[in-house]
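**Q** build the 3D model from these lines:
(chains A and B)
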Amino acid sequence: MSTHQPLHLKTFALLTVIVVAGPLGNVLLGKGMKAAGRVHPWPPSALLQEGMRVFSSGTIWVGIASLITFFIAYMLVLSWADYSYVQPASSISYAVVALLSYSVLGEKVSPLMWAGVAIICLGVFVVGRTGPNTRRSTERGQP
Amino acid sequence: MSSFLLLAWIIVIGTCGEMCVSRAMKVVGEVKDFRPLAIVRVIARALRVGWMWLGVGMMAAAFFALLGVLSVDNVSFVVPVTALSYLAGACGGVFFLGERVTRERWLGVLLVVIGVSLVILGRAK
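**A** So this is what the prediction gives:
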């Protein structure tokens, strides 16, 4: 399972898009939602008004555009790479989110949270290194 | 409390959605042409696969829950907690799909759980 093959350029390029666009989208959504304030989905009649309020924010739309970019890159890379390969390769996203939250949103990230994020990255990496237990691993080409 | 319910929703429904999208893209096949028109054609082809609609629907449901939880909690808290999807994936594999999860994978899941616990503890301070 742990054969180290060189990354194809297209895989590397798309993974870069994934680890930048995904966290950026989440951070922009966080910024937009903080500005919009707490959402009250009840009663349902108020839902439309709440939706209008949230989606009138430009930050939310840029965040959505960023997440759509992430999603398209994710779709494309999954057309040839294993889900269990993409998972560890994109695990660094958690660190990017923490970094962006700290630097762009000015959120307070405690040392304990940084340690947690580092362990999550490591954990996701370990999960992804394990065999996917599917018959495809020998049938298809490497990512 | 409602934040934790929304996070649980994001973790479970989001993971199921990703699996469905992954399955749909395997049906579509490897993408070799990256010109914009070719990518549009790939997306159109993917949208003819039922799994893609199911996946996108689930991911949309997770997305709206994410918006809700981001209105009350910090991104630096919410996103790391969603890593519990790896625990959900492993447990789902064992209990619903009858998969054999290796010791190494359980170790990875354990690390994720420890990491998320630290993030939750760090946020509480």
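
**Q** so, low pLDDT: which residues of the chain?
**A** Using chain A. For chain A, the stretches flagged by pLDDT under 70 are A:1-7, A:41-42, A:83-84, A:130-143.

**Q** can you look at chain B instead?
**A** Checking chain B against pLDDT under 70 turns up B:1, B:92-93, B:96-98, B:124-125.

**Q** which helix in it has the most residues?
**A** Using DSSP state H to define each element, chain B has its longest helix at helix B:2-28.

**Q** that helix vs chain A: in contact?
**A** Yes. Using Cβ under 8 Å from any Cβ of the partner chain, helix B:2-28 comes into contact with chain A via B:E18, B:M19, B:V21, B:S22, B:M25, B:K26, B:V28. Heads up, the C-betas are built off the backbone N, CA and C, glycines and all.

**Q** off-centre distance for whichever helix or strand B:S117 is part of?
**A** Take DSSP states H and E as the rule and B:S117 turns out to sit in helix B:103-124. Chain-centre distance of helix B:103-124: 16 Å, with Cα atoms, centre = their mean, to the nearest Å.

**Q** centre-most residue in the chain?
**A** Defaulting to chain A. A:G22 (3.9 Å; Cα atoms, centre = their mean).

**Q** let's do chain B instead
**A** B:T15 (3.2 Å).

**Q** am I right that it is in contact with B:L87?
**A** No. Shown here, B:T15 and B:L87 do not form a contact pair, counting by Cβ atoms under 8 Å, at 9.6 Å.

**Q** thinking again about what came up before, tell me what the longest helix of chain B is packed against?
**A** Secondary-structure packing of helix B:2-28 (3 or more Cβ pairs under 8 Å, 6 or more residues apart in numbering or on different chains; DSSP states H and E): helix A:58-78, helix A:83-89, helix B:36-46, helix B:50-70, helix B:85-95.

**Q** counting by contacts, list what the third one packs against.
**A** When you say that, I think you mean helix B:36-46. helix A:58-78, helix B:2-28.

**Q** want to throw those into CSV with distance to A:I92?
**A** Shown next, in CSV, are the helices and strands packed on helix B:36-46 (distance: least, Cβ to Cβ, whole Å):
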stretch, distance to A:I92
helix A:58-78, 14
helix B:2-28, 18
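
**Q** which one of those lies closest to A:L14?
**A** helix A:58-78 (4.4 Å; Cβ to Cβ).

**Q** quick one: is the closest one near chain B?
**A** Yes. For helix A:58-78, a contact with chain B is found by Cβ under 8 Å from any Cβ, at A:I60, A:L67, A:F71, A:I72, A:Y74, A:M75, A:L76, A:L78.

**Q** look up how far chain B lies from the residue of chain A most remote from its centre.
**A** No residue in chain A sits farther from the centre than A:S45, which is 32.2 Å out by Cα atoms, centre = their mean. Using Cβ to the nearest Cβ, to the nearest Å, A:S45 is found at 17 Å from chain B.

**Q** go ahead and confirm A:G25 touches A:Y74.
**A** No. Counting by Cβ under 8 Å, A:G25 does not reach A:Y74; the two are 11.5 Å apart.

**Q** count of neighbours near the spatially closest residue to A:G22 that is not a sequence neighbour?
**A** Excluding the flanking residues, the one nearest A:G22 by Cβ to Cβ, 6 or more residues apart in numbering or on different chains is A:F70, at 4.2 Å. By the measure other Cβ atoms under 10 Å in any protein chain shown, the count of residues near A:F70 is 22.
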